[in-house]
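*Asks:* When you get a sec, could you give me coordinates for this:
(one chain, ligands or ions: 2)
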Amino acid sequence: MEALDGSCQELAVNPNKETIIAHMTSLKWIGVAAFAASAMAQSPRPDKTARPPAIQYSVEQKDGSMYSTLRVRVNGKTRTLIDQSKEQCLAIVDQRDWDGNGLKDALVRRITACGGNCCPDEFFFVSALPNNEFKISDELADSWNDPVIEKWKDHWSVVIVSNNEGYTTNRPVEIKRRFILDEGKGVKVEESQRKEIKSLLEMRSEIFKGGNEENNIQYDLDGDGKKDTISGRLWERWGRILWRVEFANGKQFSTETACKRIGVLGTKTNGVHDLVCDQDTVYRWNGTEYQ
Ligand SMILES: [Ca+2]
Ligand SMILES: [Ca+2]
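*Replies:* Ligands and ions are numbered 1, 2, ... in the order given. Presented below is the predicted three-dimensional model:
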């Protein structure tokens, strides 16, 4: 009771004494009153009863099913958040207190294809609310890649890069979005689109009708006065051009890298024009080949 006595002495000189004492009476709980009093005395004691619950998210596959059950364990008690009957394939990307409310939340990947490589994955948050409930956010964005988790203005944030990769010859589009978790919702706080470098001349996969067709563009890349040829075939599965360069002097260069666009840039390296793949990937001549 020594600390309580000390706190009461402090209360006696506090101008808000009546308010505090009225509050203490209404609470009818000497422990809370002692805490309030000690807080007023600016000598806080750790409140061991305020420790946040232990929260742990997990995903499991039962009975040989390909579908997942998303669970959360709170202080040793397990709850199901998404049942296997929903026929989703899930994986936990990360668990931490995303929104800073003292309770652990999770970032979850929904594996759209459930195996295979048909399509990008989706991502969503599961957040622990102060009322002991859990909230599943809307899906944030899709991606073929792992999202990046990083601090942004004192918040935890996730950066998800989406693109239109797939069985399509559409022009490449890549959008980078940043989300934070706020009151159970994924809030987009930044968005940007990857820009294209302008080329002098280019070949795009959209001109191809099918995999057997070959197209080419001609330009004097090495400045010897004779036009060189960039030729390509379509890799239909990814709508990308498998390309190679044939110089007029007989030298050849080929690569395994397929591009939705292969173009000639105005800039040169070692006297040979640089090439651009997709939006901004630049190939430079090192004297013997493009890299
Ligand atoms: Ca939280
Ligand atoms: Ca040439």
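
*Asks:* what's the pLDDT at the closest residue to ligand 2 within the stretch 1-150 of the chain?
*Replies:* For the stretch 1-150 of the chain, the residue closest to ligand 2 is residue 144, as judged by CB to the ion, at 37.0 Å. To be clear about C-beta, it is placed using only N, CA and C from the backbone, and glycine gets the same treatment. In this model, residue 144 is scored at 95, pLDDT.

*Asks:* again with residue 278
*Replies:* Residue 278 is given a pLDDT of 97.

*Asks:* Name the nearest residue to it, ignoring sequence neighbours.
*Replies:* Ranked by CB to CB, 6 or more residues apart in numbering and with sequence neighbours excluded, the top spatial neighbour of residue 278 is residue 172, at 5.0 Å.

*Asks:* three-state assignment of the one you found?
*Replies:* Recorded secondary structure, residue 172: coil (DSSP: H, G, I helix; E, B strand; the rest coil).

*Asks:* Please report how far it lies from ligand 1.
*Replies:* In this view, residue 172 and ligand 1 are 36 Å apart by CB to the ion, to the nearest Å.

*Asks:* Now do the contacts for that residue.
*Replies:* 163-165, 194, 260-261, 278-279 (CB atoms under 8 Å, 6 or more residues apart in numbering).

*Asks:* between these, which is nearest ligand 2?
*Replies:* residue 261 (21.4 Å).

*Asks:* And the residue nearest to the closest one when sequence neighbours are not counted, how far from residue 252?
*Replies:* Residue nearest to residue 261 in three dimensions, not counting chain neighbours: residue 204, with 4.8 Å by CB to CB, 6+ apart. Residue 204 sits 22 Å away from residue 252, going by CB to CB, to the nearest Å.

*Asks:* just residue 94 next, same as before
*Replies:* Separation of residue 94 from residue 252 (CB to CB): 47 Å.

*Asks:* Can you pick out the residue with more neighbours from those two?
*Replies:* residue 94 (16 against 10; other CB atoms under 10 Å).
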